[in-house]
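K.L.:
Mind looking at a prediction? Sequence and model below.
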Amino acid sequence: MLARLVTQRTAQEISAPEFAAAEQELDELYLANLGTSRSLIHRLGTEDLLDVLRSSGTVHAERAYVLGALLSTEAAILAAHAGADSGEAYAIRESALDMLLEAGAAQLGEPDLAERVEQLTAHVPQSEWPAERFERLLRYSTERGDFAAAENALFTWLERASSTEERLRAADAANDYYARLEGLEDADLEAGGFSRAEISEGRADFAERFAEMLGGLN
């Protein structure tokens with residue numbers, strides 16, 4: 001029923017009884033797949049949700065994917081019922097996107113993961129992302145081998161950082177990122193939209209921008 005509502009119906013065609021039935025089915029799916037209630041999930045922010053999904057300091061990729069898939073489905077149903085501009089649906093999509101980026105960053109190989117991320121990004125434009133989401137995009141894009149997109153996320157993360165501590169975190173991530181690229185073959189770099197010359201260029205550009213931002217605090 002959820003698939004039918006999301007893919008085959010318009011907002012005007014989803015009746016109140018259908019929406020109530022979909023919510024009930026979602027309640028059952030959250031309990032069956034995650035062992036917790038949908039209402040509890042919605043009371044937790046992204047970082048709290050990720051803490052719940054962590055084991056030995058690492059996010060459980062499969063559970064993050066399942067949660068992201070459930071959240072994105074719920075948001076689609078809510079938007080179809082309440083309207084495309086539903087603030088609640090938007091907030092749920094933000095959480096879904098964070099979960100799926102984490103799943104991808106943990107190297108989960110679900111074949112539809114990239115498609116799900118792309119669909120959510122269309123509803124949650126990058127212009128409205130917080131800095132933390134670009135850090136997730138950096139890790140996600142790197143694991144997918146999309147090095148050009150990863151570098152863009154890295155620089156945007158630095159630009160969006162609101163504290164010296166956050167900028168230092170971005171700088172540490174930049175060092176790790178470029179060091180990883182240096183260990184790759186030229187063919188792998190090219191497949192990811194990158195070249196060896198761009199590694200040193202990227203390092204220099206990042207260091208320059210980092211210094212400018214720190215200098216602006218003095």
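P.N.:
It's in.

K.L.:
Please point out which parts of the top helix by length along the chain sit buried.
P.N.:
Criterion DSSP state H: the longest helix present in the chain is helix 61-82. Neighbour counts over helix 61-82 (16 or more other C-beta atoms under 10 Å) mark 61, 63-81 as buried. In this view, the C-beta of every residue, glycine as well, is placed from N, C-alpha and C.

K.L.:
can I assume Phe194 sits in a strand?
P.N.:
No: Phe194 is assigned coil when assessed by DSSP: H, G, I helix; E, B strand; the rest coil, not a strand.

K.L.:
How about it, nearest residue that isn't a chain neighbour?
P.N.:
Excluding its sequence neighbours, the residue lying closest to Phe194 (C-beta to C-beta, 6 or more residues apart in numbering) is Phe147, at 4.1 Å.

K.L.:
tell me the contacts of that neighbour?
P.N.:
Ser141, Leu181, Leu189, Gly192, Gly193, Phe194 (C-beta atoms under 8 Å, 6 or more residues apart in numbering).

K.L.:
coming back round to it: for the longest helix of the chain, packing partners?
P.N.:
helix 2-8, helix 16-34, helix 38-43, helix 46-53, helix 87-105, helix 113-123 (3 or more C-beta pairs under 8 Å, 6 or more residues apart in numbering; DSSP states H and E).
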